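>>> Quick one, structure for this:
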Amino acid sequence: MSPGLLTLRGLQAADLPGLMALQVQAYGAGFVEPSAVMAQRLAITPDTVWGLFDASGTMRAYLLAYRSVSGAVAPLHQPFDPAPRPTALYLHDLAVHPSAKGQGLGPRLVATALALACDEGLSGLGLVAVQGSQPFWQHLGFALSRPAAASQASLAGYGEGAAYLWRSLP
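Residues are numbered from 1 along each chain as shown. Here you go, the predicted model:
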């Protein structure tokens with residue numbers, strides 16, 4: 001499968017079963033968020049959730065993001081609301097099917113989010129790196145940062161080794 005043959009499109013409610021299946025395959029049970037929470041994310045942020053689909057319509061990767069503020073961390077397994085006056089884009093969940101790893105799908109989705117953030121004049125992108133993914137994110141221009149004091153408990157909810165990363169935009 002060539003990454004160029006994949007179709008990028010916004011996610012919809014009908015994509016939820018594929019998203020949930022991919023989430024289990026990509027992360028394992030510990031990071032699987034409830035389907036009701038994921039459905040809420042798709043519903044309230046339809047222009048910042050994207051998937052890459054192969055010719056058969058199978059989701060190979062997805063990225064869930066939402067408008068936020070610098071230093072804010074969304075709690076794991078909980079609903080969230082986009083910031084009323086956003087200054088940043090928060091990348092909450094990037095998942096790539098294990099058989100598609102190393103094919104550039106993650107960076108392709110991040111580039112989509114980066115373009116949106118630049119178009120909207122946002123100051124940067126934030127995220128929580130888990131499961132040893134920090135080198136991947138650093139390769140994409142993200143650096144360790146300190147989350148807002150109000151987000152310390154949310155960051156701790158991601159478990160040992162979780163780190164907040166930030167990428168400033170010009």
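>>> mind checking the longest helix of this protein?
helix 105-119 (DSSP state H).
>>> Show me where this structure has its helices.
Using DSSP H, helices in the chain cover 16-27, 35-44, 105-119, 134-139, 152-156.
>>> Distance from the chain centre to the last one, please.
When C-alpha coordinates are averaged (C-alpha atoms, centre = their mean, to the nearest Å), helix 152-156 and its chain have centres 17 Å apart.
>>> any chance of the helices of the chain in JSON lines, with distance to Thr7, mean pLDDT and mean neighbour count too?
(Glycine included, C-beta is placed from N, CA and C.) Shown next, in JSON lines, are the helices of the chain (distance: least, C-beta to C-beta, whole Å; pLDDT from 0 to 100; neighbours: other C-beta atoms under 10 Å):
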{"stretch": "helix 16-27", "distance to Thr7": "13", "mean pLDDT": "94", "mean neighbour count": "16"}
{"stretch": "helix 35-44", "distance to Thr7": "17", "mean pLDDT": "93", "mean neighbour count": "16"}
{"stretch": "helix 105-119", "distance to Thr7": "11", "mean pLDDT": "98", "mean neighbour count": "18"}
{"stretch": "helix 134-139", "distance to Thr7": "23", "mean pLDDT": "97", "mean neighbour count": "14"}
{"stretch": "helix 152-156", "distance to Thr7": "33", "mean pLDDT": "92", "mean neighbour count": "15"}
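>>> I'd like a version of those in a markdown table, one that adds distance to Tyr90 as further columns.
Shown next, in a markdown table, are the helices of the chain (distance: least, C-beta to C-beta, whole Å):
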| stretch | distance to Tyr90 |
| --- | --- |
| helix 16-27 | 18 |
| helix 35-44 | 11 |
| helix 105-119 | 10 |
| helix 134-139 | 13 |
| helix 152-156 | 11 |
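>>> Spatially nearest residue to the residue nearest in space to the middle of the chain (excluding sequence neighbours)?
The C-alpha lying nearest the average C-alpha coordinate of the chain belongs to Asp93 (C-alpha atoms, centre = their mean; 2.9 Å). When the adjacent residues along the chain are set aside, Asp93 lies closest to Leu64, with 4.3 Å between them (C-beta to C-beta, 6 or more residues apart in numbering).
>>> Now do the contacts for that neighbour.
11, 38, 41-42, 45, 48-49, 91-94 (C-beta atoms under 8 Å, 6 or more residues apart in numbering).
>>> Now with 7 Å, please.
41, 49, 92-93 (C-beta atoms under 7 Å, 6 or more residues apart in numbering).
>>> Please apply the same query to Gly10.
Contacts of Gly10 (C-beta under 7 Å, 6+ apart): 46-47, 49-50.
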